[in-house]
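[1] Have a look at this prediction, sequence included:
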Amino acid sequence: MRMRRKKNLDTRITSSSDFMIDLPILPLDVRKANQIRAYLDIEGIFGRRAPLHLEIGCGRGGFVVEMARLHPEIDFLAVEKISNVAVSAMEKVKDAGLSNVRIMITGAEYLSSYIPPHSIDRIYLNFSTPMMKRGYEVSRLTSPRLLTMYRGLLGEQGSIFQKTDDEPFFDFSLESYREVGYTLLNVTRDLHGEGTVEGDVMTEYERKFVSMGLPIYRVEAYVDTID
């Protein structure tokens with residue numbers, strides 16, 4: 001049964017492979033991996049020079065597909081570490097007929113080996129797993145360690161847009177942004193109760209949480225001070 005599932009996954013990957021970036025294999029040890037520079041040729045991948053946005057933890061791709069539809073002038077990298085989930089995102093991109101999205105199957109901790117420094121204009125962190133158990137702080141996508149790494153990927157006036165339904169994780173994230181030196185703007189603890197942000201796209205999880213009457217927490221974190 002396991003072999004059949006793997007074969008089916010391999011078939012799905014092959015049928016949508018035009019939308020996946022074939023990444024060089026890195027050591028599992030993150031410290032060793034981060035010493036390797038296997039930078040992607042972003043302009044070669046998309047065939048043009050354009051603003052570049054990155055979604056970390058894209059899930060099945062609903063958010064990035066809608067963003068790419070709305071913004072054909074922007075190129076999008078979407079990262080997902082779970083293979084079968086990433087394949088669903090690839091299939092969604094293929095079905096939408098989009099040329100400005102590519103999927104990367106990898107963990108966030110390896111991104112500095114693949115993405116050239118200061119090449120990203122914006123990072124999206126949508127409903128990341130909170131991992132609020134004691135001892136898991138370093139693995140959260142908004143840990144100071146990873147936020148420092150993101151700063152190296154972001155260009156001048158680059159930003160991180162984060163949404164979550166988890167208030168303790170949101171509070172942890174705000175403190176981490178401040179610790180690393182980001183400038184915080186448009187902090188809200190009830191996104192839809194206070195009025196939606198222009199151009200914002202709801203994720204699959206977000207629609208579910210909003211329908212349940214749960215508040216959505218959102219923040220914009222900027223590398224540079226915004227006047």
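    Alright, I've got the coordinates. All values derive from a computational prediction rather than experimental measurement.
[2] got the contact list for residue 93?
    Shown in contact with residue 93 (Cβ atoms under 8 Å, 6 or more residues apart in numbering): 16, 19, 61, 64, 65, 68, 101, 103. The way it works is simple: take the backbone N, C-alpha and C, and place the C-beta from them, glycine included.
[3] just checking, which of those belong to helices?
    If you go by DSSP state H, the contacts of residue 93 have 64, 65, 68 in helices.
[4] Looking at residue 36 now. What's its pLDDT?
    At residue 36, the pLDDT value in this model is 91.
[5] That one against residue 23, yeah?
    No - contact criterion Cβ atoms under 8 Å: residue 36 and residue 23 do not qualify, at 11.5 Å.
[6] picking that back up, most widely separated two among the contacts of residue 93?
    16 and 68 (15.1 Å; Cβ to Cβ).
[7] ok so, going back, please tabulate the contacts of residue 93 in CSV, including the columns neighbour count, pLDDT and distance to residue 152.
    Shown next, in CSV, are those (neighbours: other Cβ atoms under 10 Å; pLDDT from 0 to 100; distance: Cβ to Cβ, whole Å):
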residue, neighbour count, pLDDT, distance to residue 152
16, 20, 62, 30
19, 20, 89, 26
61, 29, 95, 26
64, 32, 98, 22
65, 21, 97, 28
68, 21, 98, 25
101, 27, 98, 23
103, 27, 97, 22
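[8] and residue 198, what element?
    Of the helices and strands defined by DSSP states H and E, none includes residue 198.
[9] How confident is the prediction for it, by pLDDT?
    Per-residue pLDDT puts residue 198 at 80.
[10] Just give the number of residues close to it.
    Residue 198: 5 surrounding residues under other Cβ atoms under 10 Å.
[11] longest strand anywhere in the protein?
    Longest strand in the chain, counting residues (DSSP state E): strand 154-164.
[12] And for the helix or strand following it, what's in contact with it?
    Downstream of strand 154-164, the next assigned helix or strand under DSSP H and E is helix 167-180. The contact list for helix 167-180 (Cβ under 8 Å, 6+ apart) reads 128, 130, 132, 137, 140, 142-144, 147-148, 151, 160, 162, 164, 184, 187, 189, 215, 217, 219, 221.
[13] Keep only those of those residues that are in strands.
    Those of the contacts of helix 167-180 lying in strands (DSSP E): 160, 162, 164, 184, 187, 217, 219, 221.
[14] tell me which residues in the strand or helix carrying residue 45 are buried?
    Secondary structure assigned from DSSP H and E places residue 45 in helix 42-46. For helix 42-46, the neighbour count (16 or more other Cβ atoms under 10 Å) marks 42, 46 as buried.
[15] and the residue nearest to the spatial centre of the chain, what pLDDT?
    With the centre of the chain defined as its mean C-alpha position, the nearest residue by Cα atoms, centre = their mean is residue 56, 1.7 Å away. At residue 56, the model reports a pLDDT of 98.
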